[in-house]
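Colleague: Next comes the sequence, and after it the predicted model I'd like to discuss.
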Amino acid sequence: MNERVRDNWFPGRWLGGISLIVGPIFMLIGVILRSKFHFFFPDQLEAYKAHSTLLFISYSFFIAGNVLLWPAVISLCQFISMKKPNWALWGGSFAIFGLFARTFHAGVDHLAFQMVRIIGVEATTKVMAQTYGAFHIFHSLSPLIMFGWIILAIGSYCAKVLGLIRSIMLGLMSSLPLGVLKGTTPFSIVATLALCIALVPLGIRVLKDGVRPSLKRIISSVIVIIVLLVGLFVIGELG
């Protein structure tokens, strides 16, 4: 990445840089927290019954990291598009559409966990078993994220945004299991750790490349963000 990162690009230096760092780290934390439980959905439901707080934190970190990846992917595509616009277009589009699929799956996960709390593990397992393969429009987006990471990896290397090793690390995200109530496998840890190796240094570089804000501006920005997040949480709970 030879071109200087500027502040007048979307999603911008701060959102882009922070998401490149925090998104992969959150996903890695999420998969590690549930790594001691078996992978398939009946085991995940049993794990939630026995360790509801841990599973809630694990799945929350994972989906928060997934959502934070959309500005990260767009930021990466900004750099790739300077030299390889077609790779950025197709890789970014596929990856982001795939992120929507993971977000949909997270909604199903949340509902399943609430069913465990209300009607019990056995009844929830039966419902999930009978509906697991039910068609939904988002299922058609699932393969896109696998190809998206590979395309982005090739584009990152060809555009010299990432070196060979970190481009390979980025491509390994295509091996991350996808679907409802997915636990942790060795592929999960390898994929999310590889994503951290690929994107976190890029995020640090993005944040460092530019004028450093004053301490007063940093403090005021943090306060505004905290107030905004608290306000959104309160509004969401009231709704």
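Modeller: Looks like it arrived, so ask away. Residues are numbered from 1 along each chain as shown.
Colleague: Give the other helices and strands that the helix or strand bottoming out on mean pLDDT in the chain contacts.
Modeller: Here the helix or strand of the chain ranked lowest by mean pLDDT, DSSP states H and E is helix 215-238, holding a mean of 80. Helices and strands touching helix 215-238, by 3 or more Cβ pairs under 8 Å, 6 or more residues apart in numbering; DSSP states H and E: there are none. Where C-beta positions appear, they are placed from N, C-alpha and C, glycine not excepted.
Colleague: switch to numbering from 53
Modeller: Yep, numbering from 53; the last one is helix 267-290 now.
Colleague: Centre of the chain to that helix, how far?
Modeller: 22 Å (Cα atoms, centre = their mean, to the nearest Å).
Colleague: what's the domain layout of this structure?
Modeller: Per automatic domain parsing, the structural domains of the chain span 65-260, 265-291.
Colleague: Tell me which of these is the most buried.
Modeller: Burial of the domains of the chain is given as mean neighbour count (mean count of other Cβ atoms under 10 Å); domain 65-260 ranks first at a mean of 19.
Colleague: So what would you say the end-to-end distance of it is?
Modeller: Domain 65-260 has an end-to-end distance of 9 Å (Cα to Cα, to the nearest Å).
Colleague: if you average pLDDT over that domain, what comes out?
Modeller: The average pLDDT within domain 65-260 is 95.
Colleague: Compute the distance between the residue nearest the centre of the chain and Ile217, please.
Modeller: When Cα atoms, centre = their mean is applied to the chain, the residue found nearest the centroid is Asn118 (1.8 Å). The gap separating Asn118 from Ile217 is 24 Å, by Cβ to Cβ, to the nearest Å.
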